[in-house]
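Enquirer: Pasting a predicted model and its sequence here:
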Amino acid sequence: MHPENKHEKIILAPIHRVTTGDRILWSILAGLLLTGIALWVYQFIEGLGVTGLNRPVYWATYLTNFVFFIGLAHSGTFISAILRVAGQSWRAPLTRAAEAITLFSLPFGVAAILADMGRPERIFNVLFFGRYQSPLLWDFTAVGLYLLSSMVFFYLSLLPDIALCRDRLTDVPQWQQKMYRVLALGWQGTPEQFHRLERVLDGMAIFMTMLVVTVHTVVSWVFGMTVQPGWHTALIGPFFLLGAILSGTAAVVIVLSILRKVYNLEKALPVKLFNSLRKLLITFTLGWIYMIIAEYLTAGYGNMTEEMHVVQDKFTGDYALLFWGMVVLVFILPLLIFIFKGKNNIGWMVFASVLINIGMWIERYIVLVPTQVSPRLFHEMAHAKYFPSIVEIMITVALFAGMALLYTVFTRFFPIIPLWETAEELPTGELSHQPATTQG
Amino acid sequence: MPRWGMVIDLDKCSACQSCTAACRMENNTPVAGPDQAAAGRTILWNEVLPFIEGEYPNVNVTLIPRPCMHCDEPACIKVCPVQATYKNEEGIVLIDYDRCIGCRFCTVACPYTVRYFNWFAPQWPEELKDHLNPDPEVAPRPVGVVEKCTFCAHRLRKAREKAEAEGRAFQATDYIPACVQTCPAHARYFGDLDDPNSLVSELASSPRAYRLMEELGTQPKVYYLKQG
Amino acid sequence: MDIGNLVYAFFNNPGPGGVVVVTVLGLACVIYYFLTRWIVYGGKGK
C-alpha cells in the first residue's frame, strides 16, 4: 500500500522525536511572534500613528511585507505546479519543502495587510460592501483563492505520507498517532486512489499555475492602477511576477540547504537538485535585470517631470543607496556567484540566495516609498521622509518568526520530502516520477 | 441637480490662510501639534501651497489654496474596496466614516494628495475644545479613518432645511462653504457649475481659468484664475 | 435587459463585489471537498 522508497528511513528520521534544540528554537520564534502580536495590539489601541507612516507616505513597511510574503509564496507553486506541468520530474524531492514555504508564508502576507489597516475590525466590510471596481477586491479574491488552493494542494500531496506515518511511526506519542489517523482520512494506498490523486494534482497544478500568474499580477495592480509616477506602468505586472518567482526560488534553495544539513538528508537531496535550481535562478535574475533596464530606460528617456523626480531619487538621491544596493544584491553578486562559484557548491548557492531575498525585500520597498515621497502635486516643493518605527520593525520580525515557527514545527511532525512522489514505483504500476539519482 | 464647483482667483488671494483656519474651526479637524506636524501628520482639509520657481531675485511665486478638487472622475472612489468614499448626486465627494476600513488606498490614489488619515484619536488643546462645531455631521472623526474637505456639505443640508422652514425655494446662493465665506479678499467663489448664469460658471469659462493637472482626466471642479 | 446598466450597477454599488468573493471562495471550498472525497473513496467499494 505504501510505495517503496529506499530513502524512507532517512526521511522519516526527523519525525521520531522533538529535541531540546527544537524547544529552544520554537520558544524563541514564538516569543518573537508574540512580541509582534503585542505590538500590533498596541498599535490597534493607539492608532497607526505609532508607525513611521505619514502624509504622503501612507504605505511602507507593512505593504512591503505583504508583497514580499506573497512573493515568497510563489516558490512552492512554481516548483510544485509549474515544473510539474512542464514535466520536470527532477523536482519531486523538493515539492513539499517548497509548498510548505507557500503555505506558511501566505498567512503572514495576509497578516501584514491586517497590520496595515486603520480599522482591522472592519475587514468584513469588504465582504458586505465590496466593490469589484477596486483592485483590493481583486486582491482579496485572488489571494484568498490562492491560500485556499495551496492548502488543499498541500494536504492532498501530503495524504499518502500521512498514512505512511500512521502505519510506520509506532513509537511516537499517542496524540501524534491519533493525529495521523484522523488526517489520513482512511487512505489505503490502493492503485485507484493513487490514480485519482495524480489526476487531481495534475489538474490542480494547471489551475495553480494560472493562479500564480493572476495573484502576483493582481497584487501589483494595487499600485499599477493608480496614476502615480513609478507605479503607473504596464510593466508592473510582469515585474512583480518575475520578482516573486525569483525570490521564491531563492527561498527554496535556502530552506532546502538548511533541511539537508539539519536532518541529514544529503542522500535524498543531492547536489544535482541545487544545480538545476541554479540554472533557473540565473535565468530569473537575468530576466529581472532586463525588466529593471526596460523600466528605468523608458522612464528616464521620456524625461517627464514627475517621473524624473522619482527616478532621480532612486538613482542619485535619498534612495540611491537602497536602489543600487538592491541591484548589487539581486543581480550583480548573485549572477557572479552562480556562474563562477555555484556549480556543485551548496554553500555559495545559499549565500547568493540570501542576498537575493534581502535585495528583493528592498526592491519592494523601493517600488513603494520613493513614489509617495514625491507626490505629483508637491514634487516641485516638498520631499517627504519615511523611516520605519520600532513597531513596524518588530512586526516585520514577528512575521518572519511566525513563518519559521510554523515551518520548523511542521518538519518535526511530517516528512518534508514526499516519500510517495520519490518512490521507485507507485502501486498504479506506473513510474509517475523518475526517482532522483543519489549521486552527490 | 446642481453640480457644485469652486473658483479661486489667484490675483486676489493674499495667502492669508484665513480659509485654512476657518475650515479647521468649521469641520473640527484635529490639531496635530508641533511634533506630529513635523512628522507629516497634519490634517488640513484646505491648505495654501507655495509653488516657488526660480532663484532670488528672479523668483516666481504662486500661492495656491487647495481644498479637495471634488473631481467628476475621482481617482479615489475607484479604488475604495467598500465604497466608503462616494460621489453624491450633486457632485460632492464624501466619506462614510463608519464604513472606512482605513486601508488608505484612496489617499495614495489621489493625485492631488487632498486626503488625510487619522493616525491617532483626535485631540485639541484645552482652549479649542470648547469651540468645536456642534453640528453632528462634522463630529470629530475616530482614529483609523480617512477624511477630507467636503465642500462643507453639512452647510448644504442646513441651507436646504432653512429654505424649507422659511417656506421658500432653495437657491444655490444659500449654500456657501466656510472657506469661501471667510476669505477677506473675496478670492473664492462657489456655486452651481451647471447653471450657465451662475458666477462660477462664468468665471470657470474665463480665459484665465485653469484646473490642476487637467491632463490626468480627473475633471476637478475647483478652478483657478491665473495670476497676472 | 440593459447589460450596460447592469455592469455599471455591479461595479458602482457596494455589495456585489463581496458576493463575488464569497461565491468564488465558497465554490472552491465545495469543489475541493468533493474532489478530496472522490480521491479517498477510490479504495472503497471497487
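Expert: All right, it came through fine. Everything numeric in this text was worked out from a predicted model, so none of it was measured.

Enquirer: secondary structure element for A:Arg96?
Expert: A:Arg96 belongs to helix A:95-116 when assigned by DSSP states H and E.

Enquirer: Give the next helix or strand downstream of that helix.
Expert: Helix A:95-116 is succeeded, C-terminally, by helix A:125-129 (DSSP H and E).

Enquirer: Which positions in that next one come out as buried?
Expert: With burial defined by 16 or more other C-beta atoms under 10 Å in any protein chain shown, the residues of helix A:125-129 counted as buried are A:Asn125, A:Val126, A:Leu127, A:Phe129. C-beta here means a position set from N, CA and C on the backbone, and glycine is covered the same way.

Enquirer: following it, which helix or strand comes up?
Expert: Next along the chain after helix A:125-129, taking DSSP H and E as the criterion, comes helix A:135-168.

Enquirer: what angle do the following helix or strand past that following helix and helix A:135-168 make?
Expert: Using DSSP H and E, the helix or strand that follows helix A:135-168 in sequence is helix A:174-183. Helix A:174-183 runs at 120 degrees relative to helix A:135-168, counting by axes from the mean of the first three to the mean of the last three C-alpha atoms, to 10 degrees.

Enquirer: For helix A:174-183, give me every contacting residue.
Expert: A:Ile162, A:Ala163, A:Cys165, A:Arg166, A:Leu169, A:Thr170, A:Phe413 (C-beta atoms under 8 Å, 6 or more residues apart in numbering or on different chains).

Enquirer: can you tell me which helix in chain C is longest?
Expert: Using DSSP state H, we find that the single longest helix of chain C is helix C:16-40.

Enquirer: wait, does that one make contact with chain A?
Expert: Yes - remark: helix C:16-40 sits within contact range of chain A at C:16-22, C:24-25, C:28-29, C:32, C:35-36, C:38-40, by C-beta under 8 Å from any C-beta of the partner chain.

Enquirer: Which residues does that helix contact?
Expert: By C-beta under 8 Å, 6+ apart, helix C:16-40 touches A:126-134, A:137, A:140-141, A:144-145, A:148-149, A:152, A:155-156, A:159, A:185-187, A:193, A:196-197, A:200, B:81, C:9-10.

Enquirer: May I see the buried residues of that helix?
Expert: C:16-18, C:20-21, C:24-25, C:28, C:32, C:35-36, C:39-40.

Enquirer: what's the angle from that helix to helix A:135-168?
Expert: 20 degrees.

Enquirer: how far out from the middle of the chain is helix C:16-40?
Expert: 6 Å (C-alpha atoms, centre = their mean, to the nearest Å).

Enquirer: now do stretch A:98-113
Expert: Computed by C-alpha atoms, centre = their mean, the chain-centroid distance of stretch A:98-113 equals 7 Å.

Enquirer: who's in contact with it?
Expert: With C-beta under 8 Å, 6+ apart as the contact definition, stretch A:98-113 has outside contacts at A:62-63, A:65-70, A:72-80, A:143, A:146-147, A:150-151, A:153-154, A:157, A:248, A:251-252, A:255, A:395, A:399-400, A:402-403, A:406-407, A:410-411, A:416.

Enquirer: and the residue in chain B that chain A sits nearest to, how many neighbours?
Expert: Nearest residue of chain B to chain A (C-beta to the nearest C-beta) works out as B:Gly102 at 1.8 Å. By other C-beta atoms under 10 Å in any protein chain shown, the residues close to B:Gly102 number 22.

Enquirer: ok, now the one 4 residues further on?
Expert: A count of neighbours around B:Cys106, defined by other C-beta under 10 Å, yields 28.

Enquirer: give me every residue that touches B:Asn65.
Expert: Just so we're on the same page, residue B:65 is Pro rather than Asn. By C-beta under 8 Å, 6+ apart, B:Pro65 lies in contact with B:Ile8, B:Cys13, B:Ala15, B:Cys19, B:Thr20, B:Asn46, B:Glu47, B:Val48, B:Leu49, B:Cys179, B:Ala187, B:Arg188.

Enquirer: Lovely, talk soon.
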